[in-house]
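1. Predicted coordinates and the sequence they were generated for:
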Amino acid sequence: GGVAKAFGQAGGQELQQLCNAHGKAGAGEVVMTQPAGTLRCKQVYHAVLPNWQESDEPLRTMVQGCLEAADDDDHTSIAFPAMGTGNLKYPRDVAARCVYDEIMSFSQSNPGTTLKDVRIIVFDQPTVQ
């Protein structure tokens, strides 16, 4: 989808090679790679979502997994794109609420987390609304 395409452009062939080294990830899996290309971060968490099937649970589980992994890796920040809202057909309002709720829940349940800066990155006006 659009998020994968944007990461592919920013990370280039090197990021694709790092992903290929992990093999195919299944729906619900989160795979970590080092950054590549013009990506300015310490690690990239690649998450695989299934198509929308009237449940936000896969997205919630994926956000939880990314937050836990970033905390376990002692990161101080993480950014989430508008995952699943393109080809996978997650309703924008559902995805936005889901990601926000999981960030708030993680923050409340983990007061000692190393994560201090959690961002939701949105590039188009329909998703912002």
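-> Yep, it's here.
2. switch to C-alpha atoms for all contacts and neighbour counts from now on
-> Will do.
3. The host helix or strand of P58 - what's its average pLDDT?
-> Assigned by DSSP states H and E, P58 belongs to helix 57-72. The average pLDDT within helix 57-72 is 94.
4. Show me what that helix is packed against.
-> Packing partners of helix 57-72 (3 or more C-alpha pairs under 8 Å, 6 or more residues apart in numbering; DSSP states H and E): strand 30-33, strand 77-81, helix 92-109.
5. swap the cut-off to 10 Å and go again
-> If you count contacts as 3 or more C-alpha pairs under 10 Å, 6 or more residues apart in numbering; DSSP states H and E, helix 57-72 packs onto strand 30-33, strand 44-47, strand 77-81, helix 92-109.
6. Out of those, which is the most enclosed?
-> Comparing the helices and strands packed on helix 57-72 by mean neighbour count (mean count of other C-alpha atoms under 10 Å), strand 44-47 ranks first with a mean of 20.
7. No further questions, thank you.
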